[in-house]
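S.K.: Fold the following and give me the result.
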Amino acid sequence: MTMSKAVNFGLWYDFRNPEPWRQEFERFYTERLEQISAAEALGFDSVWLTEHHFCEDGYTPSPLVLAAAIGRGSSRLRIGTNLMLLPLHDPVRVAEDSATLSLITGGRFDLGVGIGYRQVEFDQFQRKLSHRPSLVTEGIDIIRRCWSGQPVNFSGKRFSVGDIKVTPVPTHKPDILLGGMVQPAIERAARIADGFLSTGGIGLDVYANAIKADGNGDGEGKVVLGSWAIIAEDPEREAARIGEHVLYQMNEYIRWGAFGPPDETPLFDSAKSAIENGLYELWDAEAAVTNLRQLLIEHPMICDIHFWAQFPGESVESGSARMAYIAEKVLPRLRET
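M.R.: Numbers count the residues shown, from 1 in each chain. I've put the predicted structure just below:
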């Protein structure tokens, strides 16, 4: 296959530091920021950061702070959020911080957002889960107005912003990407965002159809895909080696309600069952190249595919070994022209 456009390949970070494998947090952050600098040298193109709050494992609550650190420690990497929980934030502050990030990184920052789902987060930040669609829609509108250089002048159900200009404005406006796993959320991304954040490939066809229905059938849609693939020379052995970390990741998301009401979504009882029935794929280099090429042929709107750098509690050394394998055995073949 000859790729008709450049596709970025990157890494996904949640900065989780669970108790069973707990490191001292200062060293934990230092190691991962050093790993990201090394990833740029290896040839990765992007790094993506997530957001949650009040998690015992330290799941990062401050992705924009980390994005600034990554920006100053890199020269080429695109930096994005996949994703921030926009309903929890003041959109004017998000616009200001994102503009600053774009300016200090030379336009390398993209803002990916979603609606969230954890009750405890909405309670603490005094938001209602039922208001999520309007909070996101109005928030994106306000952010764009803030970056226009013109007075915002917005009045909606959830927010009101007066006759003020937000400065500085970004020289290169970040893309605003919107995530979702159910049809209304994916169709909303097609309507109001610059692109769609797909988790594990969920929703690709729904998004493409929504883009066409919205009059953008000329390929204006954009997809950033967070892949859950485990890529290693012997992927089955690798999955067995890191299985307890994979099981922890999937079951925590289930407990939070990421895949439906927790009382209706059973936990996995083993790493094997989590891998077989979760979002994970087990690929060696040959399978990764074959499957990713096919994915890009079938879904040409994809502009970025990124992989978990490491799973919760897994050491940097362990994750870095997979990164090196991908950089040496997979990325050069995907970039062949």
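S.K.: Which element, helix or strand, includes Ile230?
M.R.: Ile230 is located in strand 229-231, with elements delineated by DSSP states H and E.
S.K.: I'd like to know how far the residue most central in space within the chain sits from Ala327.
M.R.: The chain has Asn82 as the residue nearest its centroid, 2.0 Å off, counting by C-alpha atoms, centre = their mean. Taken as C-beta to C-beta, to the nearest Å, the spacing of Asn82 relative to Ala327 amounts to 20 Å. C-beta coordinates here come from the backbone N, C-alpha and C atoms, glycine included.
S.K.: With Tyr253 instead?
M.R.: Separation of Tyr253 from Ala327 (C-beta to C-beta) stands at 27 Å.
S.K.: Glu317 now?
M.R.: Between Glu317 and Ala327 the computed distance is 15 Å (C-beta to C-beta).
S.K.: One more: Glu233?
M.R.: Glu233 sits at a distance of 13 Å from Ala327 (criterion: C-beta to C-beta).
S.K.: These two - which one has more neighbours?
M.R.: Neighbours per residue (other C-beta atoms under 10 Å) separate Glu233 from Ala327, with Ala327 holding more: 17 against 12.
S.K.: re the thing from before, please list all residues in contact with the residue lying closest to the residue nearest to the centre of the chain once chain neighbours are set aside.
M.R.: Of all residues not flanking Asn82 in the chain, Trp48 sits nearest, at 4.1 Å (C-beta to C-beta, 6 or more residues apart in numbering). Taking C-beta atoms under 8 Å, 6 or more residues apart in numbering as the contact definition, Trp48 lies against Gly10, Leu11, Trp12, Tyr13, Ile79, Gly80, Thr81, Asn82, Gly112, Val224, Gly226, His306.
S.K.: pLDDT weak spots in the chain?
M.R.: 1-4, 215-219, 337 (pLDDT under 70).
S.K.: Which parts of it are helices?
M.R.: 25-42, 63-72, 91-104, 119-124, 132-146, 183-192, 204-213, 235-241, 243-256, 271-277, 285-298, 316-329, 331-334 (DSSP state H).
S.K.: how about these, which one is nearest Lys173?
M.R.: Distances from Lys173 to each of the helices of the chain were compared using C-beta to C-beta; the shortest belongs to helix 91-104, at 7.2 Å.
S.K.: for that closest one, the distance to its chain's centre please.
M.R.: 18 Å (C-alpha atoms, centre = their mean, to the nearest Å).
S.K.: Can you list the buried residues in it?
M.R.: Within helix 91-104, the residues that qualify as buried are Pro91, Val92, Val94, Ala95, Glu96, Asp97, Ser98, Ala99, Leu101, Ser102, Leu103, counting by 16 or more other C-beta atoms under 10 Å.
S.K.: Any chance you could list what contacts that helix?
M.R.: Counting contacts by C-beta under 8 Å, 6+ apart, the residues outside helix 91-104 that touch it are 64, 67-68, 71-72, 79, 84, 86, 108-109, 111, 138-140, 142-143, 146-147, 152, 159, 161, 166, 168-174.
S.K.: Save the helices of the chain as JSON lines, and put in distance to Asn17 too.
M.R.: As requested, those are exported to JSON lines (distance: least, C-beta to C-beta, whole Å):
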{"stretch": "helix 25-42", "distance to Asn17": "5"}
{"stretch": "helix 63-72", "distance to Asn17": "13"}
{"stretch": "helix 91-104", "distance to Asn17": "24"}
{"stretch": "helix 119-124", "distance to Asn17": "19"}
{"stretch": "helix 132-146", "distance to Asn17": "28"}
{"stretch": "helix 183-192", "distance to Asn17": "29"}
{"stretch": "helix 204-213", "distance to Asn17": "32"}
{"stretch": "helix 235-241", "distance to Asn17": "20"}
{"stretch": "helix 243-256", "distance to Asn17": "12"}
{"stretch": "helix 271-277", "distance to Asn17": "20"}
{"stretch": "helix 285-298", "distance to Asn17": "28"}
{"stretch": "helix 316-329", "distance to Asn17": "11"}
{"stretch": "helix 331-334", "distance to Asn17": "28"}
